[in-house]
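> pasting the sequence and the predicted model now:
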Amino acid sequence: SIIMSPEVTGFLLVIGAGLSTGVGTAFVFSNKLISLASRPFLAGSLGFSAGVMLYVSFAEILQKGVESFGAVSEKYGLIYATLSFFLGVIFMVVCDKVVHRLESASYQRGGEAKVIMGEGKDGCCEVKPAAVDEWVSRAKDDLESHSQHGSETETLFCGKSNTVGLRSRNTQTKDQPDEEVAIEEASIKVATSPDKEIESSSTTNERALVRMGLATALSIAIHNFPEGLATYVATVDDPAVGLTLAVAIAIHNVPEGLCVSIPIYYATGERKRAFLWGLLSGVTEPIGALFGWAVLSNSMSEVAYGIMFSAVAGMMVIITMKELIPTAHRYDSKDKVVTNSFIAGMVVMALSLCLFVV
């Protein structure tokens, strides 16, 4: 039936994988969730997804391309598939160059924002490890403050909040003398009255953070396109493979959503705005599926399938090698979880393929 057709299943899986970016961006609504977004969490989820994607690209998707071309030309099928594979690689490299040019424009105006966002490194998340530790620490401090005083103090990068490290008036206890409260309030007034030059610098830094957060969103959106395409094409051919691939993509979309929304939130203090931009970065996955549907519906030839499968495999491999793995190692420099999670991802993908064959 139409409802249970592979095409419909493919679209549903792609939409689900794309919406998982929203799961990561939704962390900004809870300091408890932000506190869980540690470096091991980011590294492990990215490493696992990298293992799944790399294994399925070579063991399944590229092989489908070879088989499709082989049905047309048994002698040159592998050659055509190889050429299409590297065509996909070149396409992603060009896209990556475009993104880095946009990011470079932000870095030139970013000033001190480079402290929070990485510069000129490969990866799908440009947030530096130190910044990840910072947001986890601040989220935990907010939770502790809420637990002790019954009110949550927002702590923002760039000094956006004037309550950072300071107690609000409603946290006064019986053991705190009125004179001490008066001195504290006076210090708050002095601390929150910087000169115009400092205010101007802070504003510039915040704007730079937003620009770079949006550049990260653009980077993720561009590589989400081939992921949506890959999931759709794989599902149309084999729903079981498409499901496994969609789950892997959904897993690494969660930390990617974090990398977009949390820096924007700490730059602006606006949770809804940060959530919206992070969610929008996942919209290109369904667009990739639509592209795959348009190509395959108009041309159901073996050549079209061969080009699509082989090129998608190349795209997935370059995304894994140039973005997921470097980012995972950035957050796990001692390799405590990346290699293990990478192997686990390959094992899960291999077992899935073997079980569906049996």
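Right, received. Where do you want to start?

> could I get the contacting residues of the nearest residue to Ala59 once chain neighbours are set aside?
Excluding the flanking residues, the one nearest Ala59 by Cβ to Cβ, 6 or more residues apart in numbering is Leu353, at 6.7 Å. Using the backbone N, CA and C atoms, a C-beta is placed for each residue, glycine as well. By Cβ atoms under 8 Å, 6 or more residues apart in numbering, the contact list for Leu353 reads 56, 59-60, 241, 244.

> switch the cut-off to 7 Å
The neighbours of Leu353, taking Cβ atoms under 7 Å, 6 or more residues apart in numbering as the test, are 59-60, 241.

> before we move on, what about Ala304?
295-296.

> coming back round to it: how close does the residue nearest to Ala59 sit to Leu245?
Look at Leu353 and Leu245: by Cβ to Cβ, to the nearest Å, they are 11 Å apart.

> same check, this time on Asp335
For Asp335, the distance to Leu245 equals 25 Å [Cβ to Cβ].

> out of these two, which sits in the busier spot?
With neighbours defined as other Cβ atoms under 10 Å, Asp335 and Leu245 compare such that Leu245 has more, 31 against 13.

> which pLDDT value belongs to that one?
Per-residue pLDDT puts Leu245 at 84.

> what's the answer for Glu7, then?
Per-residue confidence at Glu7 stands at 86 (pLDDT).

> is it true that it touches Pro239?
No. Applying Cβ atoms under 7 Å, one finds Glu7 not in contact with Pro239, separated by 10.4 Å.

> hmm, back to that, what helix or strand does the residue nearest to Ala59 sit in?
Element membership for Leu353, per DSSP states H and E: helix 338-357.

> next one: that helix to chain centre, how far?
Its chain's C-alpha centre and that of helix 338-357 lie 21 Å apart, by Cα atoms, centre = their mean, to the nearest Å.

> could I get that helix in PDB with only the CA atoms?
In PDB, the C-alpha atoms belonging to helix 338-357 read as follows (Å, rounded to 0.1, in the frame of the first residue of the first chain):
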ATOM      1  CA  VAL A 338      36.000   7.700  20.900                       C
ATOM      2  CA  THR A 339      37.700   4.500  19.600                       C
ATOM      3  CA  ASN A 340      35.500   2.200  21.700                       C
ATOM      4  CA  SER A 341      32.300   4.000  20.700                       C
ATOM      5  CA  PHE A 342      33.500   4.000  17.000                       C
ATOM      6  CA  ILE A 343      34.000   0.200  17.200                       C
ATOM      7  CA  ALA A 344      30.700  -0.300  18.900                       C
ATOM      8  CA  GLY A 345      29.000   1.600  16.100                       C
ATOM      9  CA  MET A 346      30.600  -0.600  13.500                       C
ATOM     10  CA  VAL A 347      29.600  -3.700  15.400                       C
ATOM     11  CA  VAL A 348      26.000  -2.600  15.800                       C
ATOM     12  CA  MET A 349      25.800  -1.800  12.100                       C
ATOM     13  CA  ALA A 350      27.400  -5.100  11.100                       C
ATOM     14  CA  LEU A 351      25.100  -7.100  13.400                       C
ATOM     15  CA  SER A 352      22.100  -5.300  12.000                       C
ATOM     16  CA  LEU A 353      23.000  -6.200   8.400                       C
ATOM     17  CA  CYS A 354      23.800  -9.800   9.300                       C
ATOM     18  CA  LEU A 355      20.500 -10.200  11.300                       C
ATOM     19  CA  PHE A 356      18.400  -8.900   8.400                       C
ATOM     20  CA  VAL A 357      20.100 -11.200   6.000                       C
END
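
> buried residues, that helix. List them.
For helix 338-357, the buried set under the neighbour-count rule, 16 or more other Cβ atoms under 10 Å, comprises 338, 341-342, 344-346, 348-350, 352-353.

> pick out the most distant pair among the residues you listed.
Of all pairs drawn from the buried residues of helix 338-357, the one with the longest distance (Cβ to Cβ) is Val338 and Leu353, at 22.9 Å.

> what ranges of the stretch 101-250 of the chain fall below the confidence cut-off?
102-126, 148-216 (pLDDT under 70).

> if we use 90, what do you get?
Counting by pLDDT under 90, the stretch 101-250 of the chain has low-confidence residues at 101-227, 229-231, 233-250.

> now the helix or strand that contains Lys140: buried residues?
Counting by DSSP H and E, the secondary-structure element that holds Lys140 is helix 129-149. Within helix 129-149, the residues scored as buried using 16+ other Cβ under 10 Å are 131-132, 134-136, 138-139, 141-143, 145.
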